[in-house]
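1. Sequence and computational prediction follow.
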Amino acid sequence: HAEDEFYSPEELLSMILTHAKGIAESYTRQKIKDVVLTVPVFFGEAERRSLLRAAKMANLDVLQLISESLSVALNYGMFRRKEMNSTAKNLVLYDMGAQDTTVSVVSFQMIKTKERGFSETHPWLQYWAWPTIEPLEAWIYNSSCEIFLQQSSTT
């Protein structure tokens, strides 16, 4: 590029996301539009908005922004569904990086639900991350790999 050409952080990130999208489309031989993006636990509202702007520039529809440690917890839970039962299994996820340290507490268990007269059992995750300490609860749907997140009603 020309010496007098400057790019905003969002434009640079958009270029990276566009390149990653191209790699994913080549690998899967499918068009990619919808994405779930991970962010560091310490990202605030401004950083998250910047990421959303960059994704929009890259023609990506962001379904959800989730923290990196929540991504690890969901991955762990999806591949250990058979090990879960009605007794909660608590884990501590400790990530000591070059610039920051984050600690998350995750609880997995099977929960019975009753909808439209049918009783079903689903894996359930509760998640707390430090430094943000925002409780989050999620159903883990292994068959369709869909993630539905909701703010916890308890603090």
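-> Arrived safely, thanks for sending.

2. what mean pLDDT does stretch 101-114 have?
-> Averaged across stretch 101-114, pLDDT comes to 84.

3. Identify each buried residue in it, please.
-> Using 16 or more other Cβ atoms under 10 Å as the test for burial, stretch 101-114 gives 102, 104-106, 108. C-beta here means a position set from N, CA and C on the backbone, and glycine is covered the same way.

4. Tell me which helix or strand residue 106 sits in.
-> Per DSSP states H and E, residue 106 falls inside strand 101-115.

5. Give the partner strands of that strand in its sheet and their orientations.
-> strand 89-96 (antiparallel), strand 118-130 (antiparallel) (DSSP bridges).

6. how about the strands of this protein, start to end?
-> Ranges of strands in the chain, per DSSP state E, are 34-39, 61-67, 89-96, 101-115, 118-130, 136-141, 146-151.

7. Just give the closest residue to the spatially most central residue of the chain, not the sequence neighbours.
-> Geometric centre of the chain, nearest residue: residue 66, 3.1 Å, by Cα atoms, centre = their mean. Computed as Cβ to Cβ, 6 or more residues apart in numbering, the closest residue to residue 66 that is not its neighbour in sequence is residue 38, at 5.8 Å.

8. That neighbour: what's it in contact with?
-> 65-68, 70-71 (Cβ atoms under 8 Å, 6 or more residues apart in numbering).

9. Now flag whichever of the residues you listed is closest to residue 96.
-> residue 68 (13.0 Å; Cβ to Cβ).

10. Correct me if wrong: that closest one contacts residue 37.
-> No. Using Cβ atoms under 8 Å, residue 68 is not in contact with residue 37, being 10.3 Å away.

11. How much space separates residue 108 from residue 2?
-> Using Cβ to Cβ, to the nearest Å, residue 108 is found at 53 Å from residue 2.

12. beta partners for residue 123?
-> Residues in beta-bridge contact with residue 123 (DSSP bridges): residue 110.

13. Pull up the gap between it and residue 63, please.
-> 20 Å.
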